[in-house]
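J.: build me a model from this:
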Amino acid sequence: MSDKITNELQELLKANVVTEETAEKIRQYFDQKQQGNQNNLSSVFGILGAILVGLGVILVFAHNWDTLSRLTKTLLSFLPLIIGQLFCGYSIFKKSESSAWRESSAVILFFAVGSSIALIAQVYNIPGNLNSFLMIWMLLCLPLVYLLKSSIVSLLYLTGITYYGCNANYFTYPSAYSYYYWLLLLGIAPHYYELLRTKASSNFTLFHHWFIALSLVICLGTIANKNGNLTALSYMSLFTIFYFIGQTPFFEKQKLKNNSFLIFGKLGILYMLLLYSFKWFWDRSIYNRASLSETFFSIEFIIAFLLTTFAVVLFYKKNSQTNFSEISILELAFLTNILFFIPGYEFSIVANGIVLAIGISEIKRGNKLNHLGIVNFGLILTTILITCRFFDTDLSFVIRGILFITIGLGFFLTNYLMFKKRNRNEK
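T.: Numbers count the residues shown, from 1 in each chain. The predicted structure follows:
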């Protein structure tokens, strides 16, 4: 505990503001907090040290690699793996209570596994591709997450399988196509659940929120194949699911920066609505691409249907508690998915109206709560909508200029009135 807090406690004791028992509880609280911060700092430096040591060893090997015999190369290929396993064994049996040791040794072994696979394949010219290498590497390292309770390896694993999903479905499509990413993602689910249950407020849990949400957003598009235009339905429903998850009691207690699902959900829904607001988007009707049977039995439609059904369940669960009296426009946005099954692009008008209504409602909500950030968010959303129409309509430059001037004046006037109201309330 810092000297400043100790001195403050002494003054409070002398002034009889707190009792000796209360002061002791305060000391214990700050001592535990300081110890936790020191452990976190030790973990961070241990992980960084492990990564630097691993990179250094690889560079040393690489510099002298061509001059070595095949036997020497083989032994050196397994050396990082052996060292990593020794560190992990020591951490499990001797330092099981030290998160710094567990995380550092797990990171060393994680990179050692990858380097050993690559080196052995290079020494013996074993054929393969990046997809198989990433899958084998991630599968071999997944047990580290549970044996050593390593959250940093869990994050590295999420990064690895996300890159695998992109490489197998985006970068090499149509020569390669794989759904294994989704099975690999399930492998990390028990660890994520354990973090939510036991370490809800830790930094590792915070990073898992962001990594998982980002990974899902990136790799959902990998389901696209012959009916790729249907993927928009899946994304709208996924963002809606994120939005409802972000509004659950667990995440509502978190700070906004920690609530990745709410941020991804809200911004994602608005992005999809803005996409829906363009006429060219509706020109790509599903009826122009495939027959009804091909559409309804495609993997894209099945995933979109399941996600939309789940979004409906979450919508009902949230709003049934308030007898559907507090429904926001944003929560109903995913129902625009049904517009895909009505030919024509005129429904871009509906999307424009929804975005405009959301922008106005955000301005009203921010004004009611006296929250300048919410007000400006509503104004920015309205400005983005008008900017989209700037490139999507045949309005004259004079009218467009007047619209932008009006929006700019609206920014200045709204912020001025909000500041004036806030100053008046403070007085």
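J.: how about residue 159: what's its closest non-neighbour residue?
T.: In space, and not counting its chain neighbours, residue 159 is closest to residue 211: 7.3 Å by C-beta to C-beta, 6 or more residues apart in numbering. (C-beta placed from N, C-alpha, C; glycine too.)
J.: in contact with that neighbour, which residues?
T.: When contacts are counted by C-beta atoms under 8 Å, 6 or more residues apart in numbering, residue 211 touches 155, 158, 159.
J.: now a ChimeraX select for only the buried ones of the residues you listed.
T.: A single ChimeraX command selects the buried members of these (16 or more other C-beta atoms under 10 Å):
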select :155,158
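J.: and the residue nearest to residue 159, helix, strand or coil?
T.: With DSSP: H, G, I helix; E, B strand; the rest coil as the basis, residue 211 sits in helix.
J.: tell me the confidence at it?
T.: Residue 211 carries a pLDDT value of 96.
J.: swap in residue 13?
T.: At residue 13, pLDDT is 65.
J.: next one: residue 233 relative to residue 328, how far apart?
T.: In this view, residue 233 and residue 328 are 21 Å apart by C-beta to C-beta, to the nearest Å.
J.: who's more crowded, those two?
T.: residue 233 (25 against 14; other C-beta atoms under 10 Å).
J.: so that one sits against residue 304, correct?
T.: Yes. Between residue 233 and residue 304 there is a contact under C-beta atoms under 8 Å: 3.8 Å.
J.: now the contacts of residue 211 as a markdown table including secondary structure and pLDDT?
T.: Listed next are the contacts of residue 211 as a markdown table, based on DSSP: H, G, I helix; E, B strand; the rest coil; pLDDT from 0 to 100:
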| residue | secondary structure | pLDDT |
| --- | --- | --- |
| 155 | helix | 94 |
| 158 | helix | 96 |
| 159 | helix | 95 |
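J.: flag the shaky bits of the stretch 51-200 of the chain, pLDDT-wise.
T.: Counting by pLDDT under 70, the low-confidence segments of the stretch 51-200 of the chain come to 51-66, 173-177.
J.: any residues touching stretch 299-307, and which ones?
T.: 223-225, 227-228, 230-231, 233-234, 237-238, 241, 295, 337.
J.: can I get those in CSV including secondary structure, distance to residue 268 and pLDDT?
T.: Output for those, formatted as CSV (DSSP: H, G, I helix; E, B strand; the rest coil; distance: C-beta to C-beta, whole Å; pLDDT from 0 to 100):
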residue, secondary structure, distance to residue 268, pLDDT
223, helix, 16, 86
224, coil, 17, 81
225, coil, 22, 76
227, coil, 21, 73
228, helix, 18, 74
230, helix, 17, 80
231, helix, 13, 87
233, helix, 13, 87
234, helix, 11, 91
237, helix, 10, 92
238, helix, 7, 95
241, helix, 10, 95
295, helix, 24, 74
337, helix, 14, 77
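J.: show the buried residues in those.
T.: With neighbours counted by 16+ other C-beta under 10 Å, the contacts of stretch 299-307 contain buried members at 223, 224, 227, 230, 231, 233, 234, 237, 238, 241, 295, 337.
J.: check contacts around residue 223.
T.: Contacts of residue 223 (C-beta under 8 Å, 6+ apart): 179, 231, 234, 299, 300, 303.
J.: kindly recompute the last result at 7 Å.
T.: Counting by C-beta atoms under 7 Å, 6 or more residues apart in numbering, residue 223 touches 231, 234, 299, 300, 303.
J.: from the chain's centroid, how far away is stretch 379-394?
T.: 28 Å (C-alpha atoms, centre = their mean, to the nearest Å).
J.: got the buried residues for it?
T.: Buried residues in stretch 379-394 (16+ other C-beta under 10 Å): 379, 381, 382, 383, 385, 386, 388.
J.: same thing with stretch 99-116?
T.: 99-116.
J.: narrow those residues to those in strands?
T.: With DSSP state E as the criterion, strands contain none of the buried residues of stretch 99-116.
J.: just the ones of the residues you listed in helices?
T.: Within these, residues falling in helices by DSSP state H are 99-116.
J.: mark out where each domain of the chain begins and ends.
T.: The chain resolves into domains spanning 224-346, 350-427 when parsed by automatic domain parsing.
J.: thanks again, I'm all set now.
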